[in-house]
Structures are given as C-alpha cells and as structure tokens.
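>>> Give me the fold of what follows.
(2 chains)
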Amino acid sequence: MKTRECFELLAPHASDAVVVCALGMAANEWWAVTKSDETFYMHGAMGFASSFALGVALTMPKTPVWVLNGDGSMCMNLGSLLTEASQQPDNLKHLLVANRCYQTVGGLPMAGQHDTDYAAIARGAGAREAIRVRSLDEMRGALPRILAPGYLLTVLEVECEAIPIIPPPQPFEGAEMKYRFGRNMERRFGVSVFGSQGY
Amino acid sequence: MSMEKAVDAKAVDAYGALHEALKACGVRLVASLPDDWMAPLIDRIAADPEITHVRVARESEAVAVATGAFFTGTRSAVLIGATGLFTCTGELATLNLRHQIPVFLLVSERGSPDDLRIYQEVQGRRLKPVLEALDFPYLRIDSLEDVARLPVMYEWCRLQKRPVVAFLARTLLKGEPKI
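Take a look at the predicted model:
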C-alpha cells in the first residue's frame, strides 16, 4: 500500500486527535491529505516526534494523540520505545510508516531493509500491543483497534515510492509552526499555552 | 557534627530546596536521565505524586517530551547531566531554537574546577562555549539563594523562547571536594 492511501483512510478519524508528524515523508503525505495546521510537523530533531507526542499524551490524557512516525526516524532513536513502553498512555497511538528507505532523499535503503520486524522490537521493548498492517484491507480491519482506547503501536508496511524530492510542503515554519499549533491547541482544548504577553 | 556530615546535610537541603523550587515554578512534568549529582533530586521528583516523571533512555528524548508538554500548557523541566546535555545540542537547535520553543534544563555543572573526575574534564572546558555558540543562555546556581530565584529564571526561560540551562554547581550539591 502507499502511504497516502493509508493516510486517506486514517484522516477522517483524526478530528478529535492531536497529530504529530515526524519530518519527511510522514509530514509531507499527511499535509497532502489534510492541509491541517492543527498538526505539529517536525522540521528537525529526526527521531524525536514520538517523544514529543509522548509529552503531549501524558499531559492531556483524555485526548487521543497520534504520532505519524517514519521508520528512518524511529531507528535514530530506538531507545524511545523503552521510554514509551514504560509509560504506555492509553491515549497514545504510535503509527509507524515503514517504507524501509529514506524516501525524501531519493529512496536509499535503510539498514535492515528486508528483515527488521518493528512490531517485535516494540514488543521486546515492553509494548503491550504492537501490530503490523500490510494492505489497505488490513488497514480497514485494524481501524477499530487503532481508534479504541489503549496504547497501540501500528506498523504501516508501505511501499518505498519513486516520488520527486521536495522541500517541506507546509507554507509555514519555525515560530509560525509553534504559534499555529499552539493557538489551535488553545482553541480546541481550552488550554493556556501562551501567557498574557504572547510568549 | 563532623564537617562531612555538615556537608551532607547541606546537600540534602539543596536537593529539597530544588524540588520545592521546581514546584514553585509550576512544573508538573519532569523528564530525566541521571548522573550521580542529579540522582538525589530525580529520586525526590519520582516520589512526588504531583509531578509526572518520565524516565528516558537518552537525554534528547527528555527535551522532546518536555517540548510536547509545553503545547498542553504544562510547565515542565529536563533534569540531566552535563555529558547528556552535550548529546542534545542537535535536537535543542533543530526543535527548540528552530521553532522558538522554551525548554528549561537543570544540568549538573560537571567538569567545573572543583569536579575532579577525569572523564568530565572536556565537558567542563567546552560545554559552555558550545552553548554560547548556539545562543542558548545559561545560568549558574550555587547557593540556596539562587535556588529561591528559580521561578524567576523559569519565567525568563519562557520569555527567551529557547533552551535555557541552569547549571547546578558542585558547591551546592556536593560541597567541597576531598583530595
């Protein structure tokens, strides 16, 4: 399955969730499907989107939090699976887009391209539940589990696609990314991210 | 009371004061990875039911966890050692500096002239110049009077919209070294 097709199945169910995207393909494709500025798109700190999402999930426990991670990102920070497993908040859904290549730099293969079982790694780190989804039909079948309460890591086994190398497609970045996401968090959930002077 | 016990009592006071000062800052989430100077403070935080404590496997995770918490309006802090801070500079630059997101880090001031551990020597000489190159402000806390000013430092960090490091001095945490 293609990443975009997979995200097109997920997107209609995201309205109540806080979504955090790892930089690169996950962020690019989620933007292509949703054009959402309620999402935080990482433009750096490769490997740490899931840690960012964990911080959101632990401090807003009644709100679903999705992290759309990439396998290239996750493999830069595999130890984060231990941290995540030690917390496993019920509202955190880790959706790992596994294309087994570095797609946004031309599709160069990752180490362990063919044999790595990310769900087994997550379970080995202590995750109660980690599943693999290999097709759109399996994705449709997995949606009820993904949307139900309870921590879950879902490996989305997608194709490595020959697509053009593009810069980040969101027409905002840096501080504007912070303020758009933060103001949306304030509007959507009634929290106070910024103080009376705006910082 | 022997001098050694007097020093120990002062250190206990410092860790307790730091704990209370973090609560006075409004901190409700702490992400940590210990070194031996920070461990007693982390133990106190972990036992505090009013603070969500996240033990991480790598220091940069603590930075990202605290950064995520910022967006729910939760005040947070990162507790790590100086060597760990060295490993975080890329993430602090590309996440916090890039997006102007404050993060407050309490860090052991390892490698200071009164820290006689050989493997901390480079950190002591090069860490602060690295922070200056990245335009990350840093402060030094070496007395209980400094600890009491932590809430002001914390607010200043938010205003700076970037990583701010508060180094905890050996004299505060451990007393004078023995030769």
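>>> Please identify which helix or strand holds the spatially most central residue of chain A.
In chain A, the residue lying closest to the centroid (C-alpha atoms, centre = their mean) is A:L68, at 1.3 Å. Element membership for A:L68 (DSSP states H and E) is strand A:65-70.
>>> who's in contact with the helix or strand following that strand?
Downstream of strand A:65-70, the next assigned helix or strand under DSSP H and E is helix A:71-74. In this structure, residues lying in contact with helix A:71-74 by C-beta atoms under 8 Å, 6 or more residues apart in numbering or on different chains are A:22-24, A:26, A:46-50, A:80-81, A:96-102, A:110, A:116, A:118. Every C-beta, even on glycine, is put in place using the N, C-alpha and C of the backbone.
>>> how about the helix or strand following helix A:71-74, does it reach chain B?
Toward the C-terminal end, the helix or strand that comes next after helix A:71-74 (DSSP H and E) is helix A:80-87. Yes: interface with chain B: helix A:80-87 contributes A:80, A:82-83, A:86-87 (C-beta under 8 Å from any C-beta of the partner chain).
>>> Break down the chain into its strands, ranges please.
As the question left the chain open, I've gone with chain A. Shown for chain A, the strands assigned by DSSP state E span residues A:18-21, A:40-41, A:65-70, A:92-98, A:101-102, A:108-109, A:130-133, A:152-157.
>>> that's the other chain; I wanted chain B
Assigned by DSSP E, chain B shows strands spanning B:27-32, B:52-55, B:75-80, B:103-108, B:138-141, B:163-168.
>>> Which one of these lies nearest to A:R123?
Checking the strands of chain B against A:R123 by C-beta to C-beta gives strand B:52-55 as the closest, at 19.7 Å.
>>> just checking, what packs against that closest one?
If you count contacts as 3 or more C-beta pairs under 8 Å, 6 or more residues apart in numbering or on different chains; DSSP states H and E, strand B:52-55 packs onto helix A:49-59, helix A:80-87, strand B:27-32, helix B:39-46.
>>> Most tightly packed of those?
Neighbour counts (mean count of other C-beta atoms under 10 Å in any protein chain shown) averaged over each of the helices and strands packed on strand B:52-55 peak at helix A:49-59, with a mean of 29.
>>> Run the contact check for that one versus chain B.
Yes: using C-beta under 8 Å from any C-beta, helix A:49-59 comes into contact with chain B via A:49, A:51-59.
>>> of the residues you listed, closest to A:T3?
Checking the residues of helix A:49-59 next to chain B against A:T3 by C-beta to C-beta gives A:A49 as the nearest, at 15.3 Å.
>>> out of everything not next to it in sequence, what's closest to that closest one?
Distances taken as C-beta to C-beta, 6 or more residues apart in numbering or on different chains place A:A22 nearest to A:A49, at 3.9 Å, with adjacent residues excluded.
>>> same deal with B:A62?
The nearest residue in space to B:A62 (C-beta to C-beta, 6+ apart) is B:A31, at 3.6 Å.
>>> Geometric centre of chain B: which residue is closest?
For chain B, the residue nearest the mean C-alpha position is B:L106 (1.0 Å; C-alpha atoms, centre = their mean).
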